[in-house]
Structure formats: C-alpha cells, structure tokens
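below are the sequence and a predicted model for it; my questions follow.
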Amino acid sequence: MAIQWFPGHMNVTKKAILERIKDIDVVIELLDARLPGSSANPMLAEMTGTRRKLKVLNKQDLADPEQTEAWLAWYRAQSDTGAIALDAGDTAPAQRLIAACRELAPHRGGMAKPLRVLICGIPNVGKSTLLNTLVGKKAAKTGDEAGVTRIEQRINLASDFYLFDTPGMLWPKIVVEKSGYHLAGSGAVGRNAYDEEEVALELVNSLKGRYPQLLAARYRLEDVDALPGLHDDVILTEIGRKRGAVMSGGRVNMQKAAEIIINDFRSAILGRITLETPAQFEAWRAADEAAEAERQLKKQLKAPRAKAPRAPRPPRNPEAAGQ
C-alpha cells in the first residue's frame, strides 16, 4: 500500500514558500543522507524554478560514506546546483553552508544587496538542529517527530545574510512507492499514515542486499550469505525471535519486531547505511512515474464524456417566430 501524508499545515507552508520565493536568491534543501533521492521534494523543485539551489545531505555521520560521495556528485552535475554533506550537530561543517550559498550567488552581498536564502526540507530531517548550530543558540524548536516546526522564521546569520526557515513539508502524492517507505522509516511521515510492519519489511528488503553483514551482526543471524535470498518476512520473524519479541506459544510478535528494526535504523544502531543509490532511485522514479501516467490515462478514458449541448428546437409555429 502506497504511503501518503500531506496534512493541512503543509499546504499552508506551500503557499508561504510560493510567496517568499519571489525575493529569494538561493534555496537550500536539506536532505537525509540515508535517502537523498526520496527526501528530495519534487513539488519544491517545481516551485523554486530556476533559482540556484544548494542540496545539503544532512546526517552524513549516519550514512554510507561511499554512497554520500556518489550522491554529492549526482547533485552537483545538475545545473545551478551545489551540494555539501554535513552533520547538523557539528559546528565546523555547519559554517560551510554560508560559504556555499555565497559561492552560488556571488552577485549578492553587502548591506545594499543582502543574500536572501530559503531553507526547506522534509519533516524530521534535522533542520531545526542545524539552525540552532548555525546561530549558536536555541533559535528553533527541535523534536524526533514529524511536524515539530509550524511557523516561518527569519534568522540573520550575518549582517548581509538573511535565512528564512520554513516548516517541514512533503508533497501531496508520493508517486515513487519505495520513497514512501523510506520516508516513513526515517521518521518523516506521521505515525498514523503507515503500517509499521510494512515499513519494516521494506527496510529489510533494502538492507538485506546491500548490508547483510550489518543485519547479521546486529541480530545474530546465521549464514549471512543466505540473507539476500530469504523472504523479507522470514528475516523479520527471525529478528523478532532473536530480540525476544516472542508471545505465548512461541509465536513472534511481528509488530514488536517491526518497531525494533525501525528504531534501530533511525538511531543508527545498525551502522552507517544509505537505502538508495542514484541509479536505483532513478530506476524507481522512471518506473513509478510511467505507471502513474498509465493509471491517469486509464482514468481519463473511463471518465464519462460530457454531452454536447443540444441545439435549441425551432418553434412549432413558424409564424410565431416572427412576432
């Protein structure tokens, strides 16, 4: 089942961004380095148009370093786009953000032409923590749930550097199905919008092929070489058994097993993991966008056609028409 989550306050955020973007020089999009493609908002790309963009792969300390480099190269290859990776809680790398924005907009600077920057991102991507690091104090509310920040705020990082913060925002329809599960696994989606067991099974599916050693080490699974060939539910069942999520009669509590692996992924207990490569994400997007286009076409073909308006009937008495 595809995951969707676009509560009303996100639509308000969308309208606020559309209004603010008119005066913005650089748009920073904060991404989750563990899912750099899935955490990029396609609606934001449409809204910001040709403005210069800085992709910031946050939580790099939780992601696979090799894949982080691949994603940075992928984003830097796009026009008018810069890309850096950092950990929002690390003071030194955070300061690089200001320099990267100035590099993208060298024509802006000084009190006469201050650099105006908009920072956006999905919920729970670490944006508030980053802002607090940048200003050296608690300027933004933080939390481990989606939707903590609800209002726009302006922060002056320098006398000629204005940073406009916006609440976390997803998009009305997540077309790439795998992205929905990765977003839910990362904590970007409200708890009531997904089934934990389904998300856990997708996490297992993503991890067993790329990081079977990490799965085996964390949950003491035997025969690591066989993991990629096992069904996802078999692996999740064994994870629950190894971690004591067993009910009376020896049955595994799958809900508890799901919560265990989701929490372990979010807290990086499993290790440094990136759930998707640029090539994988592009393949998912192409396939799911084609499928969505086909669904929309079928929907249009099934829709009843509007009847053409009837021509007015001529009067029965021709002589009355002249009166």
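Thanks, I have it. Residues are numbered from 1 along each chain as shown.

tell me what the residue nearest to Asp80 when sequence neighbours are not counted is bridged to.
In space, Asp80 comes closest to Arg52 once its chain neighbours are excluded; the distance is 4.8 Å by CB to CB, 6 or more residues apart in numbering. (Glycine included, C-beta is placed from N, CA and C.) Beta-bridge partners recorded for Arg52 (DSSP bridges): Val26.

neighbours of Arg52, how many?
By the criterion of other CB atoms under 10 Å, Arg52 has 19 neighbours.

same thing with Asp64?
Using other CB under 10 Å, Asp64 has 20 neighbouring residues.

rounded mean pLDDT for the lengthiest helix in the chain, please.
Criterion DSSP state H: the longest helix present in the chain is helix 278-302. Averaging pLDDT along helix 278-302 yields 93.

so what touches that helix?
Helix 278-302 is contacted from outside by Pro36, Gly37, Ser38, Ala70, Trp71, Trp74, Val175, Val176, Glu177, Lys178, Ser179, Glu276, using CB atoms under 8 Å, 6 or more residues apart in numbering.

quick one: buried ones out of these?
Buried subset of the contacts of helix 278-302 (neighbour count, 16 or more other CB atoms under 10 Å): Pro36, Gly37, Ser38, Trp71, Trp74, Val175, Val176, Glu177, Lys178, Ser179, Glu276.

distance of the last one from Val175?
Using CB to CB, to the nearest Å, one gets 15 Å for the distance from Glu276 to Val175.

and for the second one?
Here the criterion is CB to CB. By it, Gly37 lies 13 Å from Val175.

cool, and the first one?
Distance, Pro36 to Val175, by CB to CB: 17 Å.

could you do Leu97 as well?
Distance from Leu97 to Val175, by CB to CB: 30 Å.

with Asp233 instead?
26 Å.

check Glu289 too.
Going from Glu289 to Val175 by CB to CB gives 6 Å.

likewise Val246?
For Val246, the distance to Val175 (CB to CB) stands at 39 Å.

before we move on, what about Asp32?
As judged by CB to CB, Asp32 and Val175 stand 18 Å apart.

list the buried ones in the longest helix of the chain?
So helix 278-302, judged by 16+ other CB under 10 Å, has buried residues Pro278, Phe281, Trp284, Arg285, Asp288.

show me the contacts for the residue nearest the centre of the chain.
Compute the mean C-alpha point of the chain, and by CA atoms, centre = their mean the closest residue is Ser39, 2.2 Å away. Ser39 is in contact with Leu31, Asp32, Gly121, Ile122, Val125, His182, Leu183, Ser186, Ala188, counting by CB under 8 Å, 6+ apart.

in a helix, it, correct?
No - assigned with DSSP: H, G, I helix; E, B strand; the rest coil, Ser39 falls outside any helix and is coil.

hey, where'd the strands end up in the stretch 51-200 of the chain?
Per DSSP state E, counting those that start in this stretch, the stretch 51-200 of the chain carries strands over the ranges 52-58, 81-86, 115-121, 153-158, 161-165.

comparing the ones you listed, which gets the lowest mean pLDDT score?
When the strands of the stretch 51-200 of the chain are compared by mean pLDDT, strand 153-158 comes last with a mean of 83.

no further queries at this time; thank you.
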